[in-house]
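> Fold the stuff below for me.
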Amino acid sequence: MKKRMDIQQRSPEWEQLRKTRLTGTMVKSIMGTPRAKQEAFYEVIANRLTIGVESDGEYENPMDRGTRLEPDAIASFELETGKSIENIGLCESDENEQIAMSPDGYVRGTNYTEAIEVKCMGGKNHVKLWFENVTPDEHGWQVVQYFVVDDDLKKLYFVGYNPDIPIHPLHIIEVNREDILSKIEKSRSEQKAFLEMVNEKLKEIIKL
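I've put the predicted structure just below:
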């Protein structure tokens with residue numbers, strides 16, 4: 001027997017009820033490709049564990065969210081690991097100053113051999129990071145760039161932070177230089193070739 005509820009759609013009460021149930025929108029994913037079903041799996045788990053009704057990308061720009069939560073994420077990392085973070089604005093490669101990166105911080109006392117990259121993702125992607133325990137593909141080359149720019153860097157802590165999932169708000173993945181050497185060399189080579197093309201074209205333009 002179906003249960004009908006007299007509740008206003010889009011209201012906070014409606015959002016709270018809806019996020020913990022399989023609706024038509026979610027069923028579309030469940031009945032889709034294996035990848036879509038897997039993504040729906042993470043989303044449903046996230047909805048069950050998240051405090052409130054906020055979902056990925058729906059209520060806040062991801063960049064704004066990251067800016068707002070990054071200080072808390074770093075503080076949480078420091079508390080969890082006992083490591084202290086030093087803020088650095090920009091790092092340039094010794095080999096080519098046009099190759100650079102903006103680190104979220106370096107670990108003090110390591111002689112700049114350890115750094116941190118923070119991502120404050122929404123519920124589904126935070127749960128996905130937690131379960132799969134690998135750096136997300138969409139952030140892969142950003143992670144590699146740390147090692148391309150800084151030859152002294154040996155370890156990067158990729159930190160996922162979502163305070164709305166209190167059972168596991170902080171998830172840390174360690175990325176070691178020796179494990180991604182081929183990607184570092186590939187990225188360095190591609191960036192050098194790209195910059196050479198840019199500089200050659202600029203020379204042509206300046207001569208005009």
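> What mean pLDDT does stretch 118-128 get?
The average pLDDT within stretch 118-128 is 93.
> Kindly report the same for stretch 173-190.
Across stretch 173-190, the average pLDDT comes to 96.
> Go through it and flag the buried ones.
By neighbour count on 16 or more other CB atoms under 10 Å, the buried set for stretch 173-190 is Ile173, Val175, Arg177, Ile180, Ile184, Ser187, Arg188. Where C-beta positions appear, they are placed from N, C-alpha and C, glycine not excepted.
> Among these, which one sits closest to Leu156?
Val175 (4.4 Å; CB to CB).
> before we move on, the earlier item: what two of the buried residues of stretch 173-190 have the greatest distance between them?
Taking CB to CB as the measure, the buried residues of stretch 173-190 span a maximum distance of 22.3 Å, between Ile173 and Arg188.
> ok, back up a step: can you lay out the buried residues of stretch 173-190 as a markdown table showing distance to Thr135 and secondary structure?
Below are these laid out as a markdown table (distance: CB to CB, whole Å; DSSP: H, G, I helix; E, B strand; the rest coil):
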| residue | distance to Thr135 | secondary structure |
| --- | --- | --- |
| Ile173 | 6 | strand |
| Val175 | 6 | strand |
| Arg177 | 14 | helix |
| Ile180 | 9 | coil |
| Ile184 | 14 | helix |
| Ser187 | 14 | helix |
| Arg188 | 18 | helix |
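> of these, closest to Glu196?
The nearest one, if we look at the buried residues of stretch 173-190 relative to Glu196 and count by CB to CB, is Arg188, at 12.7 Å.
> Distance-wise, check the closest one relative to Val143.
From Arg188 across to Val143, the span is 14 Å (CB to CB, to the nearest Å).
> one step back: which one of the buried residues of stretch 173-190 is nearest Val107?
Taking CB to CB as the measure, Val107 sits nearest to Val175 out of the buried residues of stretch 173-190, at 13.3 Å.
> how about the closest one, what does it touch?
Residues near Val175 by CB atoms under 8 Å, 6 or more residues apart in numbering: Thr135, Val143, Lys155, Leu156, Tyr157, Phe158.
> wait, doesn't the second one sit right on Val134?
No. Between Val143 and Val134 there is no contact under CB atoms under 8 Å: 10.8 Å.
> Look at these two and report which has more neighbours.
Neighbour comparison, Val143 and Val134: the larger count goes to Val143, with 18 against 12 (by other CB atoms under 10 Å).
> what's the pLDDT at that one?
Val143 is assigned 95 on the pLDDT scale.
> Now do the same contact list for it.
Val143 touches Glu117, Thr135, Leu156, Phe158, Val175, Ile180, counting by CB under 8 Å, 6+ apart.
> Let me see the contact set for the residue nearest the centre of the chain.
Centroid-nearest residue in the chain: Lys119, 3.6 Å away (criterion: CA atoms, centre = their mean). Contacts for Lys119 (CB under 8 Å, 6+ apart) come out as Gly66, Leu129, Pro136, His139, Phe158, Val159, Gly160, Tyr161.
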